[in-house]
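Student: I would like the atomic coordinates for the input below:
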Amino acid sequence: MLELAILGFLRDRPLHGYDLRKRVAALMGHVRPVADGTLYPAIKRMAAAGWLTRKDEPGAVAAPRRMLYLTDEGRAELERRLRDPDDLDISDENRWFTLLAFLRQLDEPKEQAAVLRRRLAFLEEPTSFFYDGDRPMAAEEFGDPFRQGLLTIAHATSQAELAWLRATIDALVALDGSA
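Tutor: Model prediction:
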């Protein structure tokens, strides 16, 4: 998730480490806080992999700023991750939101639609947080208002996402004709 967010934000434009951390934290910080001890080792690994470069540039006040730039290899890695995300990137809501934040950076509507179809297929499978044997349980099966609330909210969220996915896939197909 962190590497995808770094690649995605640097695809938009070069950033200073502090600016990058603020953007990453805004996107996924509510799920997992982004500490310097997490971000900077990831940047170092990604630079060693050739996905980004660091250049010192004059600062606005005095000290030079180390700017981060996405390389061609980094752009290719971002596109690979967007085009062919792991199953967990499709099924885990937080990872999905990170992926979705940058999916526009795939140029081909048919590639975008293919990723959305994977999420659609995942959401169309019957599921629940609670089961009776192998059968998913619905909100109305509980006398507990808290479990009812959890399942009601989750169902409404899923229905909204399903509607958005279907409409967006249709729009991408109309754009591309073969999506």
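
Student: CA only for contacts and neighbour counts going forward, please
Tutor: OK.

Student: how far does the strand or helix carrying residue 23 sit from the chain's center?
Tutor: Using DSSP states H and E, residue 23 maps to helix 17-28. Distance of helix 17-28 from its chain centroid, counting by CA atoms, centre = their mean, to the nearest Å, is 14 Å.

Student: domains of this protein?
Tutor: Following automatic domain parsing, one gets these domains for the chain: 2-82, 108-176.

Student: the last one: end-to-end distance?
Tutor: Which is domain 108-176. Domain 108-176 has an end-to-end distance of 8 Å (CA to CA, to the nearest Å).

Student: distance from it to the middle of the chain?
Tutor: Using CA atoms, centre = their mean, the offset of domain 108-176 from its chain centre is 17 Å.

Student: flag every buried residue along stretch 116-124.
Tutor: Using 16 or more other CA atoms under 10 Å as the test for burial, stretch 116-124 gives 116, 117, 119, 120, 123.

Student: helices of this protein, residue ranges please.
Tutor: Secondary structure of the chain (DSSP state H): helices at 2-12, 17-28, 36-48, 72-83, 87-91, 93-102, 109-124, 145-176.

Student: and those: which comes nearest residue 65?
Tutor: helix 17-28 (8.6 Å; CA to CA).

Student: in TSV: the domains of the chain, plus mean pLDDT and distance to residue 100.
Tutor: TSV is the format used below for the domains of the chain (pLDDT from 0 to 100; distance: least, CA to CA, whole Å):
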stretch	mean pLDDT	distance to residue 100
domain 2-82	88	9
domain 108-176	93	9
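
Student: most tightly surrounded among these?
Tutor: domain 2-82 (a mean of 16; mean count of other CA atoms under 10 Å).

Student: what's the helix holding residue 23 packed up against?
Tutor: helix 2-12, helix 36-48, strand 65-70, helix 93-102 (3 or more CA pairs under 8 Å, 6 or more residues apart in numbering; DSSP states H and E).
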